[in-house]
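Undergrad: Sequence first, predicted coordinates after that:
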Amino acid sequence: MEIIQKFSQFITDLHTQLHENYRKQYNSKIKPMCAVYRGQYLSENELQYLRSVCKSANPVIKFTTFCSASLDPEVSINFISSPTDCIPCLFEIIITDEYKIQESNAYDCTQAFADIASLSGILEEKEVLFSVLTHFRVIDVGDPKVQPDRP
């Protein structure tokens with residue numbers, strides 16, 4: 001908890017900047033993001049938990065940290081290409097209209113995310129950053145044994 005307190009100003013500032021960048025991107029004429037991808041290793045228990053969430057009445061998960069994703073699925077696959085004891089998973093995050101800014105609570109928005117590729121030191125990653133506590137609805141959890149074309 002002490003570490004979080006030490007970084008609270010940074011976390012607040014990063015969340016605010018993400019929200020401001022999202023507002024700019026949303027209000028611009030640039031084609032909006034439709035899908036982003038995240039490569040991540042999960043333990044068998046985490047994968048089972050994700051499957052149980054998917055089958056639940058409220059299939060929503062929250063990331064308790066900032067969450068990085070890419071506009072390019074190949075970039076995300078590269079993050080899970082090294083063999084480990086965990087299960088490589090590719091998340092496809094569909095960005096729907098429920099993420100649209102509601103002007104009445106625009107500054108209270110916890111669903112802050114933005115395309116930060118132009119701010120990144122590695123442009124080819126085409127990075128999108130989601131703020132802390134962004135929630136995601138789980139639609140499907142594939143079976144890696146059935147989808148061998150995926151890492």
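TA: Received the coordinates, thanks. Residues are numbered from 1 along each chain as shown.

Undergrad: and the helix or strand that contains Ser68, what does it pack onto?
TA: According to DSSP states H and E, Ser68 maps onto strand 67-70. The contact analysis (3 or more Cβ pairs under 8 Å, 6 or more residues apart in numbering; DSSP states H and E) places strand 67-70 against strand 35-42, strand 127-130. For the C-beta atoms, the positions are set from N, CA and C on the backbone; glycine is no exception.

Undergrad: Please work out the average pLDDT along it.
TA: Computed over strand 67-70, the mean pLDDT rounds to 95.

Undergrad: Contacts for it, please.
TA: Counting contacts by Cβ atoms under 8 Å, 6 or more residues apart in numbering, the residues outside strand 67-70 that touch it are 36-38, 76, 91, 93, 125-130, 134.

Undergrad: which one of the residues you listed sits closest to Gln111?
TA: Using Cβ to Cβ, the shortest approach to Gln111 within the contacts of strand 67-70 belongs to Thr134, at 5.6 Å.

Undergrad: what's the pLDDT at the closest one?
TA: Looking at Thr134, its pLDDT reads 86.

Undergrad: Kindly report the same for Tyr107.
TA: Model confidence at Tyr107, expressed as pLDDT, equals 45.

Undergrad: looking at it, Cys54 is touching Val138, isn't it?
TA: Yes - shown here, Cys54 and Val138 form a contact pair, counting by Cβ atoms under 8 Å, at 4.4 Å.

Undergrad: So between the two, which is more surrounded?
TA: A side-by-side neighbour count of Cys54 and Val138, using other Cβ atoms under 10 Å, places Val138 first with 17 against 14.

Undergrad: Show the residue spans covered by the strands in the chain.
TA: Taking DSSP state E, the strands of the chain run over residues 35-42, 60-62, 67-70, 87-94, 113-115, 127-130, 135-137.
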